[in-house]
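In: Structure for this input, please:
(one chain, ligands or ions: 1)
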Amino acid sequence: MLVGPIHIDPPFIPAPMAGISNPPFRRLCAEQGVPLAYSEMVSAEGLIRREKKGLALLARIPGEAPLCVQLFGARPAAMAEAARIVTDHAAAAVVDVNLGCPAKKVVKSGAGAALMRRPALAGEVIAAVRRNTTLPLTVKIRSGWNSASPNARQIALIAREEGADAIIVHGRYAKQGFTGQADWDVIADVKSGLNIPVVGNGDVTTPRDAVEMIRRTGCDAVMIGRAARGNPWIFSQAADLWAGKEVRAVSPTERRRAALAHARLLAEHVGSKRAVFMLRAVLGWYVKGLPGATAFRQAINTSLSLEWTLAAAEAFFAASARGHDAVDLAKVVSGP
Ligand SMILES: Cc1cc2nc3c(=O)[nH]c(=O)nc-3n(C[C@H](O)[C@H](O)[C@H](O)COP(=O)(O)O)c2cc1C
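Out: Numbers count the residues shown, from 1 in each chain. Below you'll find the predicted structure:
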């Protein structure tokens, strides 16, 4: 599958996730061979006001895969200007329009998934972006607003008409948020009615799921969100499986290296003060399922010092790799 000049091969892509898919996360995914990675969603209104927060979301760090910047907004004029800013900002290789975010604040402004309810306006927004960027354009949609209005196929056709190069389908209604089960049949339905690439998304939790989604829906690529948190290997493992190779288990050393690299990159990227708080979640993902994970999480949740958090993580992973009971680790490192 091609998005503009970019070969989406292997066909497994990390999803945009607000607060998560920042440059350090994307860099870790790039190390596992992803062909493209999405930014957190960026407010078009904030970007055109040159707000710091929005501009910061356009940043990249060395070693990342090509970047798709995802925009959300309900005013075609604002989306047009934002698309121009993204295009002039050399970092982006692709632009995406968010038609899937169900967050109250976003929907109240008429953006995100609210646009699934207003197909004509959705078309205008996509057209405005298309006219103002030379970059390939993707559009990320849901199954519809609610089960009374299953219009993914209609919106996908509009997006194609307005110049989208690929459609990403999250098989849930906006009203479902993240509850229930993603409906992969919606992905198959959109794919069967469209002559541009379709990326399937929703509830892929293992490499096997990722390959299965392609087989079952006929989609051209798979986007993985939550299952990639603290688990960038899901991309290389899915690629191996897709290529008919055996899936390689992640060694404790690899896990340790990745978690600490992610932590250090985050500290460099957002500064130590913010990183300490963000790492409570980030390191929590990497230790998930390991012995002593709960105690480790509790320990770093009270830490206000980056050095302490990093030392605790080093100690946790070192003992974990030696096969020791990691529960005692919090005691190894003196309190924060
Ligand atoms: C914390 C979080 C933040 C998200 N932020 C965005 C976002 O900024 N833009 C977007 O299009 N989707 C966003 N999503 C939705 C994901 O991209 C994806 O569609 C959804 O999680 C389903 O895929 P999954 O089952 O693989 O997680 C977010 C999801 C989560 C869990």
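In: Could you use CA atoms for every contact and neighbour count after this?
Out: Noted.
In: Quick one, grab the pLDDT at the closest residue to Ser109 other than its chain neighbours.
Out: In space, and not counting its chain neighbours, Ser109 is closest to Ala74: 7.0 Å by CA to CA, 6 or more residues apart in numbering. Note for Ala74: predicted pLDDT of 98.
In: Could you do Trp184 as well?
Out: So, for Trp184, pLDDT stands at 98.
In: Flag every residue of this structure that's near the ligand.
Out: Residues of the chain lying close to the ligand by CA under 6 Å from any ligand atom are 15-18, 40-41, 98, 100-101, 170, 201-204, 224-227.
In: how about 5 Å then?
Out: By CA under 5 Å from any ligand atom, the part of the chain that sits against the ligand consists of 15-18, 40-41, 202-203, 224-226.
In: and which of those residues is nearest to Glu307?
Out: Ala18 (25.9 Å; CA to CA).
In: so which strand or helix has that closest one?
Out: For Ala18, there is no enclosing helix or strand under DSSP states H and E.
In: My understanding was that it contacts Tyr38; is that so?
Out: No. Between Ala18 and Tyr38 there is no contact under CA atoms under 8 Å: 10.2 Å.
In: And the two? Which one has more around it.
Out: Shown here are Ala18 and Tyr38; by other CA atoms under 10 Å, Tyr38 has more neighbours (25 against 12).
In: Which strands or helices does the helix or strand that one falls within pack on?
Out: Here Tyr38, judged by DSSP H and E, is contained in strand 37-43. Secondary structure elements in contact with strand 37-43, counted by 3 or more CA pairs under 8 Å, 6 or more residues apart in numbering; DSSP states H and E, are strand 12-14, helix 23-30, strand 67-72.
In: Which stretches in the stretch 51-200 of the chain count as helices?
Out: 52-56, 76-88, 104-108, 119-131, 152-161, 184-192 (DSSP state H, counting those that start in this stretch).
In: nearest to Val270, of those helices?
Out: helix 52-56 (9.8 Å).
In: list the buried ones in that closest one?
Out: 54-55 (16 or more other CA atoms under 10 Å).
In: Contacts for it next, please.
Out: Residues outside helix 52-56 that contact it (CA atoms under 8 Å, 6 or more residues apart in numbering): 42-43, 46-47.
In: Please apply the same query to stretch 126-136.
Out: By CA under 8 Å, 6+ apart, stretch 126-136 touches 3-4, 76-77, 79-81, 83-84, 87, 93-95, 97, 137, 139, 159, 162-165.
In: Quick check: buried residues in that stretch?
Out: 126-130, 132-136.
In: Show me which of the residues you listed is closest to the ligand.
Out: Taking CA to the nearest ligand atom as the measure, the ligand lies nearest Ile126 of the buried residues of stretch 126-136, at 14.7 Å.
In: between the helices of the stretch 51-200 of the chain, which one is nearest to Ile8?
Out: Closest among those, once you apply CA to CA, is helix 184-192, at 16.5 Å.
In: picking that back up, can you put the helices and strands packed on strand 37-43 in CSV and add mean neighbour count?
Out: Converted to CSV, those look like this (neighbours: other CA atoms under 10 Å):
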stretch, mean neighbour count
strand 12-14, 27
helix 23-30, 25
strand 67-72, 25
